[in-house]
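1. Turn this into a model:
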Amino acid sequence: METPEIRLTEWSEGSGCGCKIAPAILDQILLSSGTFKQNDPNLLVGNSQKDDAAVYQVSEDLAIINTVDFFTPIVDDPFEFGRISAANAISDIYAMGGKPLFANAILSWPVEKLAPDLAAKVLEGAKVICQKAGIEIAGGHSIAAKDPIFGLSVNGIIHPKKIKTNQGAQEGDIIYLTKPLGIGILATALKRSKIDQKGYSNLIEVACKINSIGMELGNHEEVHAITDVTGFGLLGHLIEMAEGAHLTAEIILSQLPLIEGIQEYINQFIFPDNTYRNWNAFNTKVRGITGMDLVKFCDPQTSGGLLIAVNKDNKEWFETTLQNHNQAFWEIGQFIPKNEYPVIVS
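-> Got it, this is the predicted structure:
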């Protein structure tokens, strides 16, 4: 891995979805603002559900999905920054079970300090991922600012009766994850110049893989809930699913998938500062996490995998379907009746 002359990661304190506003502060912002009170019956999924995207019904058999996602550089290479940003944004459409249609780009760039050619490479990377997803970048908006930021606003469609929210899990559902954990750890290793070539290759491979399997799963009622794992870490998104369904997620620690080599970085205390931010926000809602295992659960993911709740009676069908689509998956637990904690780890 060659170190580029310009290091984009030096232009941000956090990186990728690790630069999200802390959960407690975000709740304070949203709850104290009357702006987000929603009364339109056609707004099927809005801010009140804390879901991955908004869904608006326009006819009996058609709803529009819209999402927006952007962040500061997670890697130094502008082309790869564009690829990861696009894969991350489009994932929100897949997490609703929908089909993406087109995207608009969001670009903030310090044009007096970073060459416009670098911004063009970011857009090139995003275009490659959009083409893989079968969509176009139709337009966008840009500003000159001190921080480089890039992302997409993505529009998609879905049948109103096929929407997959993060609140639909049922008792007994098996919990699956479609990407290994550790993207935030690898991004931090890169930022601190501690990453090796294998770690960098793993970061790019995992973060750039699109979650298109979500579009297929939207057609199946056996799949009860989907969300994607991003800045609040696996634990934050498990809590959202469990609380939304009034259940408890029981997770088996030994079954959590980790990107190869992640434990070595954890042993060196190489992980994002926002890992502790997530832990401080969620630790009262989980039982069974001890020591440094909190890093695995709270590592902020950028373009992470899908977290899926599936009817236990359809286990064989589900796993065969994912295998037929060359989609990796790991069974990590199940939903059980609600108890004192939204998440318990064994």
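
2. Helix or strand: which one has the residue of the chain positioned farthest from its centre?
-> Farthest-out residue of the chain from its mean C-alpha position, per CA atoms, centre = their mean: E112, at 31.8 Å. Taking DSSP states H and E as the definition, E112 sits outside all helices and strands.

3. what's the burial count for A103?
-> 29 (other CB atoms under 10 Å). All C-beta atoms are positioned from the backbone trio N, CA, C, and that covers glycine.

4. Can you name the element that comes right after the helix or strand containing it?
-> Assigned by DSSP H and E, A103 falls within strand 99-109. For strand 99-109, the succeeding helix or strand toward the C-terminus, using DSSP H and E, is helix 116-132.

5. Would you mark the buried spots in that following helix?
-> L118, A119, K121, V122, L123, G125, A126, K127, I129, C130, K132 (16 or more other CB atoms under 10 Å).

6. before we move on, what about stretch 179-194?
-> Applying 16+ other CB under 10 Å to stretch 179-194 flags 179-191 as buried.

7. same deal with stretch 81-89?
-> F81, G82, R83, I84, S85, A86, A87, N88, A89.

8. Okay, strands next: where are they in the stretch 151-300 of the chain?
-> 174-177, 223-228, 247-251, 286-287 (DSSP state E, counting those that start in this stretch).

9. Listing partners with orientation, what would you give for the second one?
-> Neighbouring strands of strand 223-228 in its sheet, by DSSP bridges, are strand 306-310 (antiparallel).

10. for the last one, same thing?
-> Strand pairing for strand 286-287, determined by DSSP bridges: strand 343-345 (parallel).

11. how about the strand it pairs with: buried residues?
-> V343, I344, V345.

12. Need the residue closest to the centroid of the chain.
-> Geometric middle of the chain (CA atoms, centre = their mean) lands on T230, at 3.1 Å.

13. Now do the phi/psi pair for that one.
-> phi -130, psi -130 (degrees, to the nearest 10).

14. so it sits right up against H237, yeah?
-> Yes. Between T230 and H237 there is a contact under CB atoms under 8 Å: 7.4 Å.

15. which residues of the stretch 1-150 of the chain fall in helices?
-> Ranges of helices in the stretch 1-150 of the chain, per DSSP state H, counting those that start in this stretch, are 23-31, 78-95, 116-132.

16. now the angle between strand 223-228 and the second one, please.
-> The reference is to helix 78-95. Calculated by axes from the mean of the first three to the mean of the last three CA atoms, to 10 degrees, helix 78-95 forms an angle of 160 degrees with strand 223-228.

17. burial count for N278?
-> 27.

18. Which among the strands of the stretch 151-300 of the chain is found nearest to Y265?
-> The closest of the strands of the stretch 151-300 of the chain to Y265 is strand 174-177. By CB to CB, the value is 19.6 Å.

19. what is the rounded mean pLDDT of the closest one?
-> Across strand 174-177, the average pLDDT comes to 98.

20. Run through the neighbouring helices and strands of it.
-> strand 306-310, helix 315-324, strand 330-337 (3 or more CB pairs under 8 Å, 6 or more residues apart in numbering; DSSP states H and E).

21. Low-confidence bits of this protein, can you list those?
-> 1-5, 12-24, 26-36 (pLDDT under 70).

22. quick check: domain ranges of it?
-> Domains of the chain are assigned by automatic domain parsing as 8-162, 174-345.

23. residues in contact with K179?
-> V206, K209, N211, V229, P257, Q301, G304, G305, L306, A328 (CB atoms under 8 Å, 6 or more residues apart in numbering).

24. Give the phi and psi angles for the residue nearest to it when sequence neighbours are not counted, as a check.
-> Using CB to CB, 6 or more residues apart in numbering and skipping the chain neighbours, the partner closest in space to K179 is G305 (2.7 Å). Note on G305: backbone dihedrals following degrees, to the nearest 10 are phi -80, psi 180.

25. one step back: relative to I157, which of the buried residues of helix 116-132 is nearest.
-> Once CB to CB is applied, the member of the buried residues of helix 116-132 that ends up nearest I157 is C130, at 16.1 Å.

26. just checking, the closest one touches A105?
-> No. Using CB under 8 Å as the test, C130 is too far from A105 to be in contact (9.5 Å).

27. picking that back up, in a markdown table, list the buried residues of helix 116-132 along with distance to S201.
-> Shown next, in a markdown table, are those (distance: CB to CB, whole Å):
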| residue | distance to S201 |
| --- | --- |
| L118 | 22 |
| A119 | 25 |
| K121 | 19 |
| V122 | 20 |
| L123 | 23 |
| G125 | 16 |
| A126 | 20 |
| K127 | 22 |
| I129 | 17 |
| C130 | 23 |
| K132 | 18 |
